[in-house]
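*Asks:* Could you work out the structure for the sequence below:
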Amino acid sequence: GYLVDTSAIIDGRLLAVARAGFLRGALLIPQFVLDELQSIADAHEPNRRRRGRRGLDLLEALRGQADVELHVLDDDVPEHEAVDAKLVALARRLRVGLLTVDMPLQRIAELQGVRCLNLHRLSEGLRPVHVAGEVLRLPITREGKEVGQGVGFLDDGTMVVVGDGAELIGKEVDVRITGNARTSIGTMLFASVSQV
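*Replies:* Prediction:
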């Protein structure tokens, strides 16, 4: 099974991964994670409150899935105050993995021998690979950082910088991929307007 942290619950992709049958074993939600989620859902700041409530809705949806085993754990880790430290210690004690989208937490957990499943990394790994020369159709939505550039996004959220696309903002165009770059937030594609 997996202990689930607050970031994975709020992220929203957990439900799709569970529905697809990729998670074996029980999903374990510590009470201290539920408490943290509740405090986010009660926050004064509207975006934070919305994310917290979305997380609570996701847990309800998971509970309704016939093939998902969801348990709330009352186990506390009083020797640690921070939620991340509690999660790592509890995962070690229970000999279970940790489900997260929090990269620093993942690094700390793995250094302490806890196996982790990072939903963001899983999502990145499942994105289609686009190669130089491939033609894609996308809307140009805004200017890029450099003069003359336009920027568009694929359905999966991948940013495409179109070298000669600034004058095409607001239009859907065919672009030819010219290269890509890996960044800390994923892959960014570079393209030029295709003369098909």
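
*Asks:* give me the number of residues near residue 107?
*Replies:* For residue 107, the tally of surrounding residues (other C-beta atoms under 10 Å) stands at 11. All C-beta atoms are positioned from the backbone trio N, CA, C, and that covers glycine.

*Asks:* and it, that one's in a helix?
*Replies:* Yes - counting by DSSP: H, G, I helix; E, B strand; the rest coil, residue 107 falls inside a helix.

*Asks:* Check what pLDDT it gets.
*Replies:* Residue 107 is assigned a predicted lDDT (pLDDT) of 95.

*Asks:* ok, now residue 96?
*Replies:* Note on residue 96: pLDDT of 96.

*Asks:* let's have the chain start at 39 instead
*Replies:* Taking 39 as the first residue, the last one we looked at is residue 134.

*Asks:* Give me the distance between the nearest residue to it once chain neighbours are set aside and residue 135.
*Replies:* Leaving aside its sequence neighbours, residue 134 sits nearest to residue 39 (C-beta to C-beta, 6 or more residues apart in numbering; 4.9 Å). Here residue 39 is placed at a distance of 7 Å from residue 135 (C-beta to C-beta, to the nearest Å).

*Asks:* Contacts for the lengthiest helix in the chain next, please.
*Replies:* Scanning the chain for the longest helix, with DSSP state H as the assignment, gives helix 84-101. The contact list for helix 84-101 (C-beta atoms under 8 Å, 6 or more residues apart in numbering) reads 44, 47-48, 50, 52-53, 56, 65, 67, 75-81, 106, 108.

*Asks:* Swap in 10 Å and give it another go.
*Replies:* With contacts defined as C-beta atoms under 10 Å, 6 or more residues apart in numbering, helix 84-101 is touched by 42, 44-53, 56-57, 61, 65, 67, 71-72, 74-81, 83, 106-108, 110.

*Asks:* Which of the residues you listed are buried? Put it as a PyMOL command.
*Replies:* PyMOL command restricting the contacts of helix 84-101 to the buried ones, with burial defined by 16 or more other C-beta atoms under 10 Å:
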select buried, resi 42+44+45+46+47+48+49+52+53+56+61+65+67+71+72+74+75+78+79+106+108
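
*Asks:* The contacts of helix 84-101 in helices, which ones?
*Replies:* Taking DSSP H, the ones among the contacts of helix 84-101 that sit in helices are 44-49, 52-53, 56-57, 71-72, 74-79.

*Asks:* Mind listing what's buried along stretch 173-185?
*Replies:* Result for stretch 173-185 [16+ other C-beta under 10 Å]: buried residues 174, 176, 178, 182.

*Asks:* just for this protein, where's the confidence low?
*Replies:* Scanning the chain for pLDDT under 70 picks out 222-223, 234.
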